[in-house]
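K.L.:
heads up, no residue letters with this:
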């Protein structure tokens with residue numbers, strides 16, 4: 001065998017061996033201990049879906065908030081109906097979706113999805129009220145609504161609640177309103193210092209360019225901007 005033929009055979013052997021190594025790397029064998037024949041995830045790679053967080057919710061709320069400018073005398077009962085409300089939710093995070101969302105819409109919103117796991121039956125009581133006027137002297141533009149929710153056994157109605165007449169259904173409940181006092185941070189004008197100046201072409205220009213405003217704040221208790229409406233059963237039914 002000539003030297004040229006020996007070199008050709010040696011080169012072919014190297015090529016075949018390289019092809020076998022590449023094939024082994026591209027097609028790893030499946031473990032015989034795995035009955036489903038799936039390939040395990042690479043070490044160090046976390047799963048995309050993270051464990052969900054379960055949150056218990058109390059859907060039976062008897063209070064609602066409406067603008068404080070509303071006249072409480074305009075609140076009136078409208079209707080009852082049976083509804084289903086979420087009582088337990090599951091919040092999950094998708095890391096892959098989070099990365100894609102931050103790339104498409106970097107608005108800082110959390111990459112979480114809430115799913116309703118359990119629902120419960122509830123009696124929904126709907127009320128309406130005159131909405132606030134758009135401006136002084138104008139007529140009130142229609143009526144707005146709010147709803148509160150009760151357990152069916154609390155109301156204790158025989159038959160479908162939707163078939164009750166308005167006056168009959170309204171007699172089950174009593175309503176009260178109150179306006180809470182809240183703390184609000186306001187400017188303490190007595191202990192604050194503001195630089196003198198004038199508006200020039202729509203911009204505030206200080207008389208003394210070196211002057212710096214010194215603003216002090218103080219906590220002040222003021223009436224809330226919302227009116228709390230509480231609806232209670234007139235004669236609560238004893239629950240088991």
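P.N.:
Yes, it's here. Since this is a predicted model, take the numbers as computed values, not measurements.
K.L.:
and residue 82, how close does it get to residue 159?
P.N.:
From residue 82 across to residue 159, the span is 11 Å (CB to CB, to the nearest Å). Any C-beta I mention is one placed from the backbone N, CA and C, and that applies to glycine too.
K.L.:
give the contact list for residue 128.
P.N.:
If you count contacts by CB atoms under 8 Å, 6 or more residues apart in numbering, residue 128 has them with 75, 76, 78, 143, 144, 145.
K.L.:
rewinding a little: between residue 82 and residue 159, which one's more packed in?
P.N.:
Neighbours were counted for residue 82 and for residue 159 using other CB atoms under 10 Å; residue 82 has more, 13 against 7.
K.L.:
the more buried one: helix or strand, and which one exactly?
P.N.:
Assigned by DSSP states H and E, residue 82 belongs to strand 76-93.
K.L.:
which one of the contacts of residue 128 sits in the busiest neighbourhood?
P.N.:
Counting neighbours by other CB under 10 Å, residue 75 comes out on top of the contacts of residue 128 with 19 neighbours.
K.L.:
dump the residue contacts of the nearest residue to that residue once chain neighbours are set aside.
P.N.:
Excluding the flanking residues, the one nearest residue 75 by CB to CB, 6 or more residues apart in numbering is residue 129, at 4.5 Å. By CB under 8 Å, 6+ apart, the residues touching residue 129 are 66, 70, 71, 72, 74, 75, 76, 143, 144, 145, 146.
K.L.:
my guess is the third one meets residue 177, correct?
P.N.:
No: counting by CB atoms under 8 Å, residue 71 sits too far from residue 177 to count as a contact (10.3 Å).
K.L.:
who has more neighbours out of the two?
P.N.:
More neighbours surround residue 177 than the other of residue 71 and residue 177, with 14 against 11 (other CB under 10 Å).
K.L.:
for the helix or strand hosting that one, packing partners?
P.N.:
Applying DSSP H and E as the criterion places residue 177 in strand 173-178. Counting by 3 or more CB pairs under 8 Å, 6 or more residues apart in numbering; DSSP states H and E, the packing neighbours recorded for strand 173-178 are strand 226-233.
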